[in-house]
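# Here is the input, now give the coordinates:
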Amino acid sequence: MNIYCILLDWLTSAFKICTQTKDYITGIVSSENELKHLLESHKRASGTFYTVWSDDSQKKLKVTPRCLWQVEDYSEHIPLSVKRRVIYACQHGKNYKTQTTDDLHTEHEYTRRKMFHIQNSKKVDCPAKLYVRYVVRYDQFAVSKTCSRAKKQAAVKGVLESLKENTIITSEIIHVKIPLTEAHKNHNTSQNCHFSNNIHHMVRDKIQEYVSLGITSVPFLKKVLKTFVQKELSEMGSVLPHSEDPSYYSSSHVIQNYVHYALVSEKYSGFDQLLLEKKIDEWKLADPSAKFFFRKCTENDSDQTIPKFEVKTGDKGFPASEDSDLDDKDTQEMTLTQETFLFIHQNVQQQELLERYGDMVLLDATYRTTKYALPLFLVVVRTNVGYKPIAEFICENETTAAITEALNILKQWNQHWEPKYFMLDYSQQEYQALEYVFPNAQKYLCSFHREQAWKRWARQEVV
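Predicted structure coming up:
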């Protein structure tokens, strides 16, 4: 049994107790901030998490408030109404998403994987629930403790009339009913249960904040988060976070996972795209002759003109076979490029190199050049002093449609560009894009990538 729940020393000073039983304790707080600190202290002391089971806030907005003289065990002889009620269920409560073999369609055969699961779910049908009621008090219609029923009815009538005229003065309190240790069933509520807790939302947000600043070092983040918990989170509530609680003191592996989630979530960050847009403006000022094309992700109303192109459904890409299904797929992709990210750059020096050495062109994509998983394409020519890039573009996905659009824009910038040969790696998307834009150019596969493709094909298992 949890010693904190017996002594109740986890209760905050702002919580005014109404009643207390073996299973529950009820009381009131004055503000949302006090409620936040109270629930935080309870979570640290009991080691339990709660999920929202019911919230009738939208329903309450559509109906006239009902006047009451008592909410649960709270009564001060003042008309009251509940504008919102939120019920939080224990994370080990009833599992509403279970699926049995009887729920599966009988017409389809299936095989169950023979895997040993230590625990299928955290749900063990715990009945404990935490109730939060947002109560509105109509203090100007207060009555005495020994008043008659008629006076109470007159007070209620006055409340309803004032609500219609919108002249009533109100105050708000929050009534809370908190389950104690005895209310929890079928699971442990001691300090040992901390080991299965998820990361705290404020710790997760702190990781997101540092990752957005470019800080991804796990050892550094671990030290910073420890200081954050001890100095800032410890002030919330009267109970300090347990030193072994992974929701506050996460392991390096958990921090690394959330760093990855933060990087992935920022892949299409509008903030970074705004910074890139400002950077392009700076580049244009430094080199007015350079050409840029930039389209933000999920933008429909771009001011830049995008060249149109047609896709011949009869042309077969790489490899040329009758069972290729790329025609319909690529045709559909062409209509989706207006929504995707695209960045293209070429300066005057690169245009001059393209005009002089543009007969033989190399096209290749590389990854892991930035924190985003976006392919960076380099268009390269061989000069008298080595290989030089004559254009660069970054697209959202390495698809035929995206590459075709970028190549068409480059072709529009260089009207006299008619390459004779293209060298590329073993990529169907690149091959088909070149077929659409430069159908007369001969395409060659890089020897290294060709041998690499052979080896991968030879190692494939025959099914």
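# could you pull out the helices for this protein?
In the chain, the helices defined using DSSP state H lie at 3-7, 32-46, 57-61, 149-165, 201-212, 218-231, 252-265, 270-286, 326-334, 348-357, 400-413, 428-437, 447-459.
# From the centroid of the protein, which residue is nearest?
Nearest to the geometric centre of the chain sits residue 265, at 5.8 Å (C-alpha atoms, centre = their mean).
# residue contacts, it?
residue 208 (C-beta atoms under 8 Å, 6 or more residues apart in numbering). Placement of C-beta: from N, CA and C, glycine included.
# Before we move on, what's the pLDDT of it?
Among the per-residue scores, residue 265 shows a pLDDT of 72.
# do residue 331 as well
43.
# And for residue 36?
88.
# roughly how far apart are it and residue 202?
11 Å (C-beta to C-beta, to the nearest Å).
# same check, this time on residue 282
According to C-beta to C-beta, residue 282 and residue 202 sit 36 Å apart.
# Which one's more surrounded, the two?
Comparing residue 282 with residue 202 by other C-beta atoms under 10 Å, the one with more neighbours is residue 202, at 16 against 9.
# and that one, how far is that from residue 232?
According to C-beta to C-beta, residue 202 stands 8 Å off from residue 232.
# what do you get for residue 395?
In terms of C-beta to C-beta, residue 395 sits 42 Å off from residue 232.
# Over to residue 23?
Distance check for residue 23 against residue 232: by C-beta to C-beta, it reads 33 Å.
# Could you do residue 56 as well?
Distance, residue 56 to residue 232, by C-beta to C-beta: 33 Å.
# Counting neighbours, go ahead and name the busier of the two.
Neighbours were counted for residue 56 and for residue 232 using other C-beta under 10 Å; residue 56 has more, 14 against 11.
# Quick check: residue 421 touching residue 360?
Yes. Counting by C-beta atoms under 8 Å, residue 421 does reach residue 360; the two are 4.7 Å apart.
# right, and residue 239 touches residue 39 too?
No. Contact criterion C-beta under 8 Å: residue 239 and residue 39 do not qualify, at 11.5 Å.
# check contacts around residue 66.
Neighbouring residues of residue 66 by C-beta under 8 Å, 6+ apart: 81, 82.
# Can you give me the pLDDT of residue 273?
For residue 273, the model assigns a pLDDT of 82.
# Kindly report the same for residue 445.
For residue 445, pLDDT reads 83.
# for residue 421, which residues make a bridge with it?
Under DSSP bridges, the beta-bridge partners of residue 421 are residue 360, residue 442.
# got any ranges where the stretch 51-200 of the chain has weak pLDDT?
Under the criterion pLDDT under 70, the flagged ranges of the stretch 51-200 of the chain are 96-121, 190-196.
# cool, and the stretch 301-450 of the chain?
In the stretch 301-450 of the chain the weaker segments, taking pLDDT under 70 as the threshold, are 301-338, 368-371.
# please redo it, this time with the cut-off set to 80
301-339, 367-373, 426, 447-450 (pLDDT under 80).
# still on that earlier bit, residue 381: which of the helices of the chain is closest?
Across these, the minimum distance to residue 381, taken as C-beta to C-beta, is reached by helix 348-357, at 4.2 Å.
# buried residues in that closest one?
Neighbour counts over helix 348-357 (16 or more other C-beta atoms under 10 Å) mark 350, 351, 353, 354, 357 as buried.
# domains of the protein?
What automatic domain parsing lists as the domains of the chain is 1-93+121-195, 198-266, 271-459.
# What count of nearby residues applies to the closest residue to residue 52 other than its chain neighbours?
Ranked by C-beta to C-beta, 6 or more residues apart in numbering and with sequence neighbours excluded, the top spatial neighbour of residue 52 is residue 88, at 6.0 Å. Applying other C-beta under 10 Å, we find 21 other residues in the vicinity of residue 88.
# i'd like the first residue to be 42 from this point on
Happy to do that; since the first residue is 42 now, the last one works out to residue 129.
# hmm, back to that, possible to save the buried residues of helix 389-398 as CSV with distance to residue 408?
Below are those laid out as CSV (distance: C-beta to C-beta, whole Å):
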residue, distance to residue 408
391, 22
392, 27
394, 25
395, 25
398, 27
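# thought residue 472 was touching residue 464?
No. Counting by C-beta under 8 Å, residue 472 stays clear of residue 464, with 11.5 Å between them.
# and these two? which has more neighbours close in?
Taking neighbours as other C-beta under 10 Å, residue 472 and residue 464 compare with residue 472 leading, 22 against 18.
# quick revisit: for residue 462 and residue 401, indicate the residue with more neighbours.
The residue with more neighbours, out of residue 462 and residue 401, is residue 401; 16 against 13, by other C-beta under 10 Å.
# Surely that one is in contact with residue 461?
Yes. Residue 401 lies in contact with residue 461 (C-beta under 8 Å); the separation is 7.0 Å.
# got any residues that touch both of the two?
Contact criterion C-beta under 8 Å, 6+ apart; residues shared by residue 401 and residue 461: none found.
# any idea how far residue 329 lies from residue 133?
65 Å.
# which of these two has more neighbours?
Taking other C-beta under 10 Å, residue 329 and residue 133 do not tie; residue 133 has more neighbours (23 against 8).
# isn't that one right up against residue 228?
Yes. Counting by C-beta under 8 Å, residue 133 touches residue 228, with 4.4 Å between them.
# where do the contact lists of those two overlap?
By the contact definition C-beta under 8 Å, 6+ apart, residue 133 and residue 228 are jointly contacted by 165, 167.
# can you list the helices of the chain in JSON lines and add distance to residue 222?
Shown next, in JSON lines, are the helices of the chain (distance: least, C-beta to C-beta, whole Å):
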{"stretch": "helix 44-48", "distance to residue 222": "4"}
{"stretch": "helix 73-87", "distance to residue 222": "7"}
{"stretch": "helix 98-102", "distance to residue 222": "30"}
{"stretch": "helix 190-206", "distance to residue 222": "39"}
{"stretch": "helix 242-253", "distance to residue 222": "24"}
{"stretch": "helix 259-272", "distance to residue 222": "25"}
{"stretch": "helix 293-306", "distance to residue 222": "27"}
{"stretch": "helix 311-327", "distance to residue 222": "45"}
{"stretch": "helix 367-375", "distance to residue 222": "58"}
{"stretch": "helix 389-398", "distance to residue 222": "71"}
{"stretch": "helix 441-454", "distance to residue 222": "58"}
{"stretch": "helix 469-478", "distance to residue 222": "60"}
{"stretch": "helix 488-500", "distance to residue 222": "58"}
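# Alright, that wraps it up for me.
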